[in-house]
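A.B. asks: just coords:
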Ligand code: AMP
Ligand code: TRP
């Protein structure tokens, strides 16, 4: 679809979300949550726990509640200030569902049929996938556009959903002759950590649902577990080269180098300059030490916060009221534009 110029004039605003589906991992931290922390000082930010997305696949209700609080704890433990940024859970603001319905009527079957995440998550038997899983990207577009968000920090795997969000915004603006009513939100993806791979297989991404716990570093892992997982990470027997070009075809090695780079805020080239000629016997303990140093304080703070669920619930409730106040006038305008009486 050809894109008109984005002449949206509204304020800059960040929106992003994480699903409360358990096993929050290093990829979620480096690809998303860490970026949220940096952005809160630059723009108005809204960070959501997307529980309505979570139920597109079966979730035990008791666990869903606990995991919703766990993501809220992770946000705060990682350094998001709930006084500054809005932290809330999606189901608390009904506008997400209302706008998603309208977007289901804007998006085309063909657009959703192209979504690779649906194909991955639905697996072989697509007939048995929930309808919610199929229209998941419309709900994600609604999350973002309900707040007229202009910037969306996410990992690489969400790029296609952001493109669809822009297509929905464009079609809505054009068909209803609404001018630049919705912005065309910019994905913020670049940088080390946008695609953290499995520790067991450098060709698949680190994922909450990988049956092997050794494939990922969970934000709840203690120091010994982190060290053990890095020690057991799959690698090759070759020493580290001097340049990134020398890592070609060595996916697992490349992944560990880029994790080191992301955790230390350095470039992969810089890390290779330091470790060129060394084997994994030297590099892995250094990476383990760095990972523990960066993650342990977050894990400890998460535990502390999770011991006080009432405090976390208050944060979510206060955040929901702030989110609702931004969403209500937008949704009112949308209803008027669409022609609802
Ligand atoms: P999810 O766990 O699917 O709700 O993802 C939450 C955020 O983490 C999204 O912005 C994802 O793009 C990001 N993310 C998930 N897995 C990874 C990964 N392996 N590497 C980098 N970012 C990731
Ligand atoms: N789909 C995202 C994921 O799986 C989560 C998400 C839902 C999201 N709504 C969003 C991310 C809005 C950014 C903006 O990671």
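C.D. replies: Nice, I can see it. Nothing here was measured: the structure is a model prediction, and the numbers come from that model. Ligands and ions are numbered 1, 2, ... in the order given.
A.B. asks: The stretch 101-250 of the chain against ligand 2: which residues are in contact?
C.D. replies: Applying C-beta under 6 Å from any ligand atom, we find that the stretch 101-250 of the chain lies next to ligand 2 at 140, 143-144, 152, 154, 158, 161. All C-beta atoms are positioned from the backbone trio N, CA, C, and that covers glycine.
A.B. asks: swap the cut-off to 5 Å and go again
C.D. replies: When proximity is defined by C-beta under 5 Å from any ligand atom, the stretch 101-250 of the chain lies next to ligand 2 at 140, 143.
A.B. asks: so who does the closest residue to ligand 1 within the stretch 101-250 of the chain touch?
C.D. replies: For the stretch 101-250 of the chain, the residue closest to ligand 1 is residue 155, as judged by C-beta to the nearest ligand atom, at 2.4 Å. The neighbours of residue 155, taking C-beta atoms under 8 Å, 6 or more residues apart in numbering as the test, are 27-28, 31-32, 189, 193-196.
A.B. asks: What is the neighbour count of residue 167?
C.D. replies: 19 (other C-beta atoms under 10 Å).
A.B. asks: For it, give me phi and psi.
C.D. replies: Note on residue 167: backbone dihedrals following degrees, to the nearest 10 are phi -60, psi -40.
A.B. asks: Looks like it contacts residue 111 (just checking).
C.D. replies: Yes: Residue 167 is within contact range of residue 111, at 6.3 Å (criterion: C-beta atoms under 8 Å).
A.B. asks: Model confidence at the residue nearest to residue 202 when sequence neighbours are not counted, what's the number?
C.D. replies: Nearest residue to residue 202 in three dimensions, chain neighbours excluded: residue 251, at 2.8 Å (C-beta to C-beta, 6 or more residues apart in numbering). For residue 251, the pLDDT comes out at 97.
A.B. asks: now residue 251: how far from residue 157?
C.D. replies: 16 Å (C-beta to C-beta, to the nearest Å).
A.B. asks: and what of residue 121?
C.D. replies: Counting by C-beta to C-beta, the gap from residue 121 to residue 157 is 11 Å.
A.B. asks: likewise residue 272?
C.D. replies: 26 Å.
A.B. asks: quick one, strands of the protein?
C.D. replies: Ranges of strands in the chain, per DSSP state E, are 13-18, 44-49, 86-89, 151-153, 186-188.
A.B. asks: Out of those strands, the one nearest residue 96 is which?
C.D. replies: Among these, strand 44-49 comes nearest to residue 96, with 8.5 Å by C-beta to C-beta.
A.B. asks: so what's the nearest residue in space to residue 230 that is not next to it in sequence up against?
C.D. replies: Nearest residue to residue 230, sequence neighbours excluded (C-beta to C-beta, 6+ apart): residue 288, at 4.3 Å. Counting by C-beta under 8 Å, 6+ apart, residue 288 touches 226-227, 230-231.
A.B. asks: Having no further points to raise, I will conclude here.
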